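> For reference, the sequence and a predicted model appear below.
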Amino acid sequence: MTIMSINFSKMNAERKTGPKGKVNISNNVAITGIEKLNMDFGGDNQKALRFTFKFESKYEPDIGAITLEGDLTYLTKKEKAEELLKEWKDTKKIEPNVMTLLLNNILTKCNIEAIILSKEMGLPAPIPLPKINKPVEEKTENKKK
């Protein structure tokens, strides 16, 4: 079970107006499809799958949006690949262990790209960035002791 690559096929960033007041940002990522790739790795017992995905950051009030689409190539055992394809075809779901691995890798790549695009478009970063807060000063009574 190896992730071989993550590639973007579409990037769209739009800023309608400048940020005013409180801005809410909602992020969503979804697997939109799965297909078997005709690639041979490790002989007949390994198969590659292509998972297509869509990542969206929506800014409210409606000041802009970022949309990223792409695919992830996943290498696994032949039996596992067939099982994943069948489950997707029947239920449009993926087993939790595999889904967690896929989404974590997709989110890592998409969040980085979305931060870059938000900077270029003059939008707030779609995820909270680390900050250092000013330390709270002790009360003057404690300092006199």
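In hand now; what should we look at? Residues are numbered from 1 along each chain as shown.
> residue ranges of the strands in this protein, please?
For the chain, the strands defined by DSSP state E cover 2-15, 24-37, 46-60, 64-77.
> Select, out of those strands, the one closest to P126.
Taking CB to CB, strand 46-60 is the member of those nearest to P126, at 3.9 Å. To be clear about C-beta, it is placed using only N, CA and C from the backbone, and glycine gets the same treatment.
> L75 - how many residues pack around it?
18 (other CB atoms under 10 Å).
> Which of the strands of the chain sits closest to K119?
Comparing the strands of the chain by CB to CB, strand 2-15 comes nearest, at 10.1 Å.
> What degree of burial does the closest residue to E120 other than its chain neighbours show, as a neighbour count?
With sequence-adjacent residues excluded and distances taken as CB to CB, 6 or more residues apart in numbering, E120 is closest to A13, at 7.1 Å. As a burial measure, A13 scores 18 neighbours (other CB under 10 Å).
> repeat for K131
Neighbour tally, K131, other CB under 10 Å: 5.
> pLDDT value on it, please?
K131 carries a pLDDT value of 83.
> Is V98 in contact with M1, as I believe?
Yes - using CB atoms under 8 Å, V98 is in contact with M1, at 7.4 Å.
> Look up the residues that both of these two are in contact with.
Both V98 and M1 are in contact with Y74, where contact means CB atoms under 8 Å, 6 or more residues apart in numbering.
> In the chain, which residue is most central in space?
L107 (2.2 Å; CA atoms, centre = their mean).
> Which neighbouring elements make contact with the longest helix along the chain?
As assigned by DSSP state H, the longest helix anywhere in the chain is helix 96-121. Judged by 3 or more CB pairs under 8 Å, 6 or more residues apart in numbering; DSSP states H and E, the packing partners of helix 96-121 are strand 2-15, strand 24-37, strand 46-60, strand 64-77.
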